[in-house]
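Participant: Provide a 3D model corresponding to the input given below.
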Amino acid sequence: MTFDMRLVNKGRSEPLAGLTEQARYHIGLAKQHAAVLEENGWAPADTAALEAGVAAIDTQAAAKAEAADLKLQASEREGTSIDDAKAFVRRLRNALPKALRAGAPEGVTAASFEAGATLGRSTPKLSDYLNRIRPSVVKLDEALKRSFKQALASVKLDAVKQALDAADARQEVAVASLPDETKKVYEAKGRVLELIEDLNRDAKIAFDGDADRMALFNKDILLRARRVRRKAEPTA
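Facilitator: From the prediction side, this is the model:
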């Protein structure tokens, strides 16, 4: 059996119940705003695909397959490593304007920290981004100290990247050895998450200038479920 491993990896760390609830919420939004969404990229067939995805993951078999893998995931800790890396990037981006105004070294500008694409929760993208910005972070270490609790931002970067890469290596081995039924569930979860993200982007196009309606298309339900899972995870 052949699987889309990109989707398997995308779906594996997502909490099943939270993802299912989020998808149902998005199906409701898609139907409520079907006409305007269809004019801006989201077709009725996409809503149908999202409904099919929910049907595929909202089963006892899916819950059983995920439960069997949770203990192994707790030992890998990639989800936590991704969260830590993203938290570092958020702190860095918030600290940058003031640090750059303080007198950035030659060649270091805001453009030095542009990702060029959405990082999301992709371990390879996050790791590559951290690698690319490291030389600029080193040059700004002193200017960034106050925003990093007097620590060197480059040292924190190295730590989160090392943890991210180590967890990624462990996950690659673990995912390759998963039973086919489990891979099937994670592939379906990854597809559901991707559709949710596509819908959110199409909604930003459809409701550009309408902040209230645009704000409806979020991942708050899933984000809460991720936080709950993380708090419940045992120490590896």
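
Participant: which regions of this structure lie under the pLDDT threshold?
Facilitator: Residue ranges of the chain with pLDDT under 70: 70-79, 232-236.

Participant: Now the longest helix belonging to it: buried residues?
Facilitator: In the chain, taking DSSP state H as the definition, the longest helix is helix 180-206. Counting neighbours by 16 or more other C-beta atoms under 10 Å, one finds that the buried residues in helix 180-206 are 182-196, 198-200, 202-203, 206. In short, each C-beta sits where N, CA and C put it, glycine included.

Participant: other SSEs contacting that helix?
Facilitator: The criterion is 3 or more C-beta pairs under 8 Å, 6 or more residues apart in numbering; DSSP states H and E, and the helices and strands that helix 180-206 contacts are helix 5-12, helix 16-32, helix 34-38, helix 44-57, helix 60-76, helix 211-216.

Participant: would you turn those into JSON lines with mean neighbour count?
Facilitator: Below are the helices and strands packed on helix 180-206 laid out as JSON lines (neighbours: other C-beta atoms under 10 Å):
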{"stretch": "helix 5-12", "mean neighbour count": "20"}
{"stretch": "helix 16-32", "mean neighbour count": "19"}
{"stretch": "helix 34-38", "mean neighbour count": "16"}
{"stretch": "helix 44-57", "mean neighbour count": "17"}
{"stretch": "helix 60-76", "mean neighbour count": "15"}
{"stretch": "helix 211-216", "mean neighbour count": "12"}
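
Participant: which SSE is the spatially most central residue of the chain in?
Facilitator: Closest residue to the average C-alpha location of the chain: residue 121 at 2.7 Å, with C-alpha atoms, centre = their mean. Counting by DSSP states H and E, there is no helix or strand that carries residue 121.

Participant: Nearest residue to it in space, please, no chain neighbours.
Facilitator: residue 82 (5.2 Å; C-beta to C-beta, 6 or more residues apart in numbering).

Participant: roughly how far apart are the one you found and residue 219?
Facilitator: 15 Å (C-beta to C-beta, to the nearest Å).

Participant: The two - which one has more neighbours?
Facilitator: Set side by side, residue 82 and residue 219 show more neighbours around residue 82, with 23 against 18, by other C-beta atoms under 10 Å.

Participant: Which residues are in contact with that one?
Facilitator: Listed by C-beta atoms under 8 Å, 6 or more residues apart in numbering, the contact set of residue 82 reads 13, 121, 123, 126, 164, 167.

Participant: shouldn't the fourth one be in contact with residue 90?
Facilitator: In other words, residue 126. No: the criterion here is C-beta atoms under 8 Å, and residue 126 misses it with residue 90 at 11.9 Å.

Participant: Looking at the two, which has the bigger crowd around it?
Facilitator: A direct count of neighbours by other C-beta under 10 Å for residue 126 and residue 90 places residue 126 higher, at 24 against 10.

Participant: quick one: that one from residue 19, how far?
Facilitator: Separation of residue 126 from residue 19 (C-beta to C-beta) stands at 20 Å.
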